[in-house]
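Trainee: need a 3D model of the sequence below.
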Amino acid sequence: MSFAPALYVITDRALMGSDPVAAVAEAVAAGAPCIELRERDLGARELYELACRMVAVCQRTGAKLLVNDRADIAAAAGASGVHLRADSMPPSEVRRAFPRLLVGASVHSVAEARAAAEADFLLLGPIDDTPSKRVYGPPLGLATLSDVARAVATPVVAVGGVTPASVQALVAAGASGVAAIRAVWDRPGEAVRAFLEALAAAGLRTA
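Mentor: Down below sits the predicted model:
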């Protein structure tokens, strides 16, 4: 199956204030359809407990929660899926072990996209410069986004420096959705609504 989240919001506790669960609640109440819990510094128990709390919040609106790289914790917490890093297990193996979970995968090139094409969706970036993605190298740009979107049938979600103002160009280049971190968490409700309006204007279904 495939899954194309029009707006994919990724957590970062450093940007979310004192209560990250409340920040997620504000985002999903504004219409965010999908949240990725990406807190790589947490131990298994802390991550599981936070996932359980965020699952409960997302269930109020029907939003999906994916857990970064920990399929076991995603399954135990009742999350909708897992998001795999580029150096993680192959999506096919994760799907075999956890058939209930949606599987997203981070990629940075056409070759990585083809290798991970069995995922439900691909997260490609960084498209533009952003502090959270500089460790992955220079921005890929719209040309690489277009190349990847043409190379695989799997939906491609663009990440890295994404703002509501850049949505139109990203969709035109082949993105099935966009992902954001820094652009959301200062004012989650306001930011999510701005992204959803931009996505709808670009012709993507947001519900």
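Trainee: just the strands in this protein please.
Mentor: 7-10, 34-37, 64-68, 81-84, 102-107, 121-124, 156-158, 177-180 (DSSP state E).
Trainee: for residue 188, which of those is the nearest?
Mentor: strand 7-10 (8.1 Å; C-beta to C-beta). Backbone N, C-alpha and C define where each C-beta goes, glycine included.
Trainee: let's see that closest one as PDB, backbone CA atoms only.
Mentor: Coordinates of the C-alpha atoms in strand 7-10 are reproduced here as PDB (Å, rounded to 0.1, in the frame of the first residue of the first chain):
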ATOM      1  CA  LEU A   7       1.500  17.500   5.700                       C
ATOM      2  CA  TYR A   8       4.000  15.500   7.800                       C
ATOM      3  CA  VAL A   9       4.900  17.300  11.000                       C
ATOM      4  CA  ILE A  10       8.100  16.100  12.800                       C
END
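Trainee: show me what that strand is in contact with.
Mentor: The contact list for strand 7-10, computed with C-beta atoms under 8 Å, 6 or more residues apart in numbering, reads 27, 32-36, 38, 104, 123, 157, 159, 177-181, 184, 192, 195-196, 199, 206.
Trainee: which among the residues you listed count as buried?
Mentor: Neighbour-count burial (16 or more other C-beta atoms under 10 Å) is assigned, among the contacts of strand 7-10, to 27, 32-36, 38, 104, 123, 157, 159, 177-181, 184, 192, 195-196, 199, 206.
Trainee: count the residues that sit near residue 176.
Mentor: 20 (other C-beta atoms under 10 Å).
Trainee: what sits against it?
Mentor: 4, 6, 121, 149, 155, 156, 157, 204.
Trainee: tell me where the model's unsure across this structure.
Mentor: Along the chain, segments meeting pLDDT under 70 span 1-2, 131-136, 207.
Trainee: cutoff 90 now
Mentor: 1-4, 129-138, 205-207 (pLDDT under 90).
Trainee: and the helices in it, which stretches?
Mentor: In the chain, the segments counted as helices under DSSP state H are 20-29, 44-59, 71-77, 91-97, 110-115, 141-151, 167-172, 188-201.
Trainee: any idea how many residues pack against the closest residue to residue 204 other than its chain neighbours?
Mentor: Nearest non-adjacent residue to residue 204, counting by C-beta to C-beta, 6 or more residues apart in numbering: residue 6, 4.7 Å away. Neighbour count of residue 6, defined by other C-beta under 10 Å: 25.
Trainee: fine by me, thanks again.
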